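Colleague: my questions concern the predicted model and sequence given below.
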Amino acid sequence: MHNSDRETIETILRDAGLRPTRQRMALGGLLFGGEDRHITAERLHDEVTEEGEHVSLATVYNTLHQFRRAGLLRELAIDSNKTYFDTNTSNHNHYLIEPDGELFDIPSDAISIDGLPEPPAGMRISHIDVVVRLVRDEGSGD
């Protein structure tokens, strides 16, 4: 990681109220050092290991949840055994390619949601997660 990238990641963490520990800096560099990403804890663990950092999978999970609580990530529970973390924290929706599990954003103007119920007293809707599941069209090669 270049010095300017390090300073940027350190600023992101400090602004979110997080101390820039070695593990947070390594994981933050992979998450926030470029374009928005959708990533699982397991994939991030593989990437940080490839970088030569020794960070346990449990630490990756803990750090991702710290980042989420600090508002740096959005957590997307796609099904009971697959959770993605999204560096784009805006309210937006996703396509999921099954069965390979690739997740990507739906353009914000491509979907509209009508007919939402009124939330119970004292509650408000924080965001709506729409996941449009896709499969490859077997006949698309003709």
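Modeller: Cool, got the structure. Residues are numbered from 1 along each chain as shown.

Colleague: okay, CA-based contacts and neighbour counts for the rest of this
Modeller: Noted.

Colleague: now do the phi/psi pair for the spatially most central residue of the chain.
Modeller: By Cα atoms, centre = their mean, the chain has its centre lying nearest to D86, at 1.6 Å. Backbone torsions for D86, taken as degrees, to the nearest 10, come to phi -120, psi 130.

Colleague: ditto for D109
Modeller: Dihedral pair for D109: phi -90, psi 0, per degrees, to the nearest 10.

Colleague: coming back round to it: does the residue nearest to the centre of the chain touch G71 like I think?
Modeller: No: D86 is not in contact with G71 according to Cα atoms under 8 Å; the separation is 10.8 Å.

Colleague: before we move on, the earlier item: contacting residues for the residue nearest to the centre of the chain?
Modeller: 36-39, 73-76 (Cα atoms under 8 Å, 6 or more residues apart in numbering).

Colleague: which strand residues bridge it?
Modeller: Here D86 sits in beta bridges with H38, R74, going by DSSP bridges.

Colleague: distance-wise, check it relative to M25.
Modeller: D86 is 17 Å from M25, where distance means Cα to Cα, to the nearest Å.

Colleague: repeat that for Y84.
Modeller: 20 Å.

Colleague: next one: E50 from D105, what distance?
Modeller: 26 Å.

Colleague: neighbour count winner among the two?
Modeller: D105 (16 against 10; other Cα atoms under 10 Å).
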